[in-house]
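Visitor: turn this into a structure:
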Amino acid sequence: MFENLTDKLQAVFKKLSKRGRLSEADVDAALREVRLALLEADVNYKVVKDLLARVRERAVGAEVRRSLNPAQQVIKIVNEELVKTLGAPDKLDLSGPPPHVIMLVGLQGSGKTTTAAKLALRLRKAGHRPLLVAADPRRPAAVAQLEVLGRELDVPVHSEGAEVPPPVVCANALARARDSAYSVVILDTGGRWHIDDALMRELEEIKARIKPQEVLLVADAMTGQEAVRVAEEFNRRVGLTGLILTKVDGDARGGAAISMRSVTGVPIKFLGVGEKLDALEPFHPDRLASRILGMGDVLTLIEKAEAAFDQEQAMALGERLAKGEFDLEDFRQQLREVKKLGPLSQLMEIIPGLSQVSRRISPEIPDRQMKKIEAIINSMTLEERRNPRILNASRKRRIARGSGTTVQEVNQLLAQFRQMQRMMKQLTSGKGKGLGLPLRL
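Guide: Sure thing, here's the model as predicted:
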């Protein structure tokens, strides 16, 4: 989402890094370019003004003059002030006796129903028993969609048809949650294309009757500053406790994410980063700032890996690596584990140093290459995967036909795999300094 902004900021910092000591004029020139980049990214004007005033105050002071590397010190200041603008991380309030009620509000089309299911999945993984509530009976498609998602996740959905008013549906759902020991109730309330008084009165009635612990606005990041205005109005009428920004993986300019906390005073709690039901991330301002400045996001990558990889398999693989027994069967298993982390293009964006590389290539290319590698390995027998040395010309032709590739591509994979085996052997023996580039075709 922040591709253009990241590129422009990095260009500014690159210019700074070519200078030795920075004069006040150098800092002002750089901040003018940063201002333009932020405004073009649709960041609120007042937010940009306040952010750069704080940066300038620090950047022209002794903090930078005494630094051994003034340019890097300015980047550090921009990063710290950007984190401050994005706000502190804020978790869901699930204190007190259950059931805890989370009320989702937002405009139609913001992704509210899908977000309700994503939140239910996340809470269930954390040990809760969620109950989804279809509190938008006027839109039958929303009820049907929530019921489909509930069946997919094996999470119960409470719905009562179009005749029952939403406040009554929510009250009945809360009573059901108490009777059946559900620990969290997630209300998927009604939305409209535009904010209207009838919608707000309905939401105010639900809030007064149910008294939810969390009232979260689901806002579409693709709508830019309109999302900020929507957040202000919902906060004024209903009283928000947090925001969930959806479609953060899209091609929006990103200004809403930077502006929302500062303009509304309401914390961002989650980011929707994809269409899959597990694509909901807690909001970490420091990590988002690192992504915006092109520094990657190692902590998110580690968390994704910890959630996706099987610890016992990882230990077994480590033992095989130490013995020099890593083969194509092991490699295939690792490819499948990596696929659980999400599209490779998204992973490249959060790995330091690869974010710029990922923007120079088509998003489909890394995943297409991985599929091709996996297809070649799948076309081998178990014996061939365990012992690639037995692959003669006729076997390679059969593998190429079975995988829809060429013999040359099969040979290329085998050559690169042998190179990777040698490097792994050096690494485990203490002679190597690191692994090479990943396999590519």
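Visitor: so where's the stretch 1-150 of the chain shaky on pLDDT?
Guide: The model of the stretch 1-150 of the chain has pLDDT under 70 over residues 1-4, 19-21, 62-69.
Visitor: for it, just list every one of the strands.
Guide: Remark: strands assigned in the stretch 1-150 of the chain by DSSP state E, counting those that start in this stretch are 100-105, 130-135.
Visitor: and those strands, which is most packed in?
Guide: Of all the strands of the stretch 1-150 of the chain, strand 130-135 has the most neighbours on average by mean count of other CB atoms under 10 Å, namely a mean of 28. Using the backbone N, CA and C atoms, a C-beta is placed for each residue, glycine as well.
Visitor: for that strand, the distance to its chain's centre please.
Guide: 24 Å (CA atoms, centre = their mean, to the nearest Å).
Visitor: and what of stretch 85-92?
Guide: Per CA atoms, centre = their mean, the centroid offset for stretch 85-92 relative to its chain is 15 Å.
Visitor: need the contact partners of that stretch.
Guide: 47, 50-51, 102, 214, 242, 257-258, 261-262, 267-269, 282-285, 288-289 (CB atoms under 8 Å, 6 or more residues apart in numbering).
Visitor: buried ones among the residues you listed?
Guide: 47, 51, 102, 214, 242, 257-258, 261-262, 267-269, 282-285, 288-289 (16 or more other CB atoms under 10 Å).
Visitor: in strands, which of those appear?
Guide: 102, 214, 242, 268-269, 282 (DSSP state E).
Visitor: what's the closest of these to residue 180?
Guide: Minimum distance to residue 180 across those is 17.2 Å, recorded for residue 102 (CB to CB).
Visitor: please report how far the closest residue in space to that closest one that isn't next to it in sequence lies from residue 242.
Guide: Leaving aside its chain neighbours, residue 102 sits nearest to residue 214 (4.5 Å; criterion: CB to CB, 6 or more residues apart in numbering). Remark: distance between residue 214 and residue 242 (CB to CB, to the nearest Å) = 6 Å.
Visitor: and residue 190, by the same measure?
Guide: 19 Å.
Visitor: what are the buried residues along stretch 242-250?
Guide: Here stretch 242-250 shows 242-249 as buried, counting by 16+ other CB under 10 Å.
Visitor: should've said stretch 109-117
Guide: 110-117.
Visitor: who touches it?
Guide: 104-106, 132, 136, 142, 145-146, 149-150, 152-153, 155, 186, 188-189, 191, 193, 218-220, 244, 246-247, 270, 272, 275, 277, 280.
Visitor: out of those residues, list just those in helices.
Guide: Among the contacts of stretch 109-117, the members found in helices (DSSP state H) are 142, 145-146, 149-150, 152-153.
Visitor: the stretch 151-300 of the chain: strands as residue ranges?
Guide: 157-158, 184-189, 214-220, 242-246, 268-272, 280-282.
Visitor: out of these, flag the one nearest residue 124.
Guide: strand 184-189 (8.8 Å).
Visitor: hmm, back to that, want to throw the buried residues of stretch 109-117 into a markdown table with distance to residue 394?
Guide: Formatted as a markdown table, these follow (distance: CB to CB, whole Å):
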| residue | distance to residue 394 |
| --- | --- |
| 110 | 57 |
| 111 | 53 |
| 112 | 57 |
| 113 | 54 |
| 114 | 50 |
| 115 | 54 |
| 116 | 56 |
| 117 | 50 |
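Visitor: and of those residues, the nearest to residue 25?
Guide: For these, the nearest to residue 25 is residue 110 (44.6 Å; CB to CB).
Visitor: between which two of the ones in strands among the buried ones among the contacts of stretch 85-92 is the distance greatest?
Guide: Maximum pairwise distance in those, criterion CB to CB, is 15.4 Å, between 102 and 268.
Visitor: for residue 255, give me its contacts.
Guide: By CB under 8 Å, 6+ apart, the neighbours of residue 255 are 38, 41-44, 224-225.
Visitor: now do it against residue 244, distance only.
Guide: 17 Å.
Visitor: and what of residue 148?
Guide: The value you get for residue 148 to residue 244, if CB to CB is used, is 21 Å.
Visitor: find the nearest non-adjacent residue to residue 181, please.
Guide: Using CB to CB, 6+ apart and skipping the chain neighbours, the partner closest in space to residue 181 is residue 129 (6.7 Å).
Visitor: residues near the one you found, how many?
Guide: 17 (other CB atoms under 10 Å).
Visitor: which stretches of the stretch 251-400 of the chain have low pLDDT?
Guide: For the stretch 251-400 of the chain (pLDDT under 70), the answer is 251-254, 294-324, 340-366.
Visitor: so what does the longest helix along the chain touch, helix or strand wise?
Guide: Longest helix in the chain by number of residues, with DSSP H as the criterion: helix 407-429. For helix 407-429, the packing partners by 3 or more CB pairs under 8 Å, 6 or more residues apart in numbering; DSSP states H and E come out as helix 311-322, helix 364-378, helix 393-403.
Visitor: go through the second one and flag the buried ones.
Guide: What it means is helix 364-378. Buried residues in helix 364-378 (16+ other CB under 10 Å): 366-367, 370, 372-374, 376-377.
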